[in-house]
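Peer 1: dropping a prediction and its sequence here:
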Amino acid sequence: MVKRLVRGVDVDRVEQAVTAAERRTSGEIRVALARFYFWGDIERAAGHAFARLHMERTRERNGVLIFMSPWRHRFAVLGDVGIHQKVPAAFWRQVVDRIAAELTAQKDLTAGLVAGVNALGEALAAAFPPKAGDVNELPNRVGS
């Protein structure tokens, strides 16, 4: 078996976590990794990635992006407007804290991303339960 590693992240494991999380919700989750080493603002870069990956192209505007700069061990979590209408503000802090805790404890980028995806899947399942005939509106592959 060949592992697909991108900048120290086990891409296959992250994509499997996204697929599993999305089975529990009609929400859409994507993970993107910074293409290069940068010193800029992680949230601004995440915003650009959100637009570039067309995260707003969901029927319920319920896409969430975890954007990570593997070299800097920095990340941001951004959600579309539909999610902000249905989840409390504390939701975002909980997801960020879960990713950060895993990164700190395990020193493992993949474990942090998987923990974040799992946290998103749990929370989105309550706000956006799966629907009959639900289709996968955004790819589950790790973007850049």
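Peer 2: Looks like it arrived, so ask away.

Peer 1: from here on, contacts and neighbour counts on C-alpha atoms
Peer 2: Will do.

Peer 1: would you state the strands of this structure in chain order?
Peer 2: Using DSSP state E, the strands found in the chain span residues 5-6, 9-10, 28-33, 63-69, 74-79.

Peer 1: now distance to His54 and mean neighbour count too, for those, in a markdown table please.
Peer 2: Below are these laid out as a markdown table (distance: least, Cα to Cα, whole Å; neighbours: other Cα atoms under 10 Å):
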| stretch | distance to His54 | mean neighbour count |
| --- | --- | --- |
| strand 5-6 | 22 | 13 |
| strand 9-10 | 23 | 20 |
| strand 28-33 | 10 | 25 |
| strand 63-69 | 9 | 24 |
| strand 74-79 | 12 | 19 |
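
Peer 1: tabulate these (JSON lines), appending mean pLDDT.
Peer 2: Listed next are the strands of the chain as JSON lines, based on pLDDT from 0 to 100:
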{"stretch": "strand 5-6", "mean pLDDT": "60"}
{"stretch": "strand 9-10", "mean pLDDT": "89"}
{"stretch": "strand 28-33", "mean pLDDT": "96"}
{"stretch": "strand 63-69", "mean pLDDT": "95"}
{"stretch": "strand 74-79", "mean pLDDT": "94"}
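
Peer 1: low pLDDT regions in the protein?
Peer 2: 1-7, 37-38 (pLDDT under 70).

Peer 1: let's see 50
Peer 2: 1-2 (pLDDT under 50).

Peer 1: please tell me how far Gln85 sits from Leu120.
Peer 2: 15 Å (Cα to Cα, to the nearest Å).
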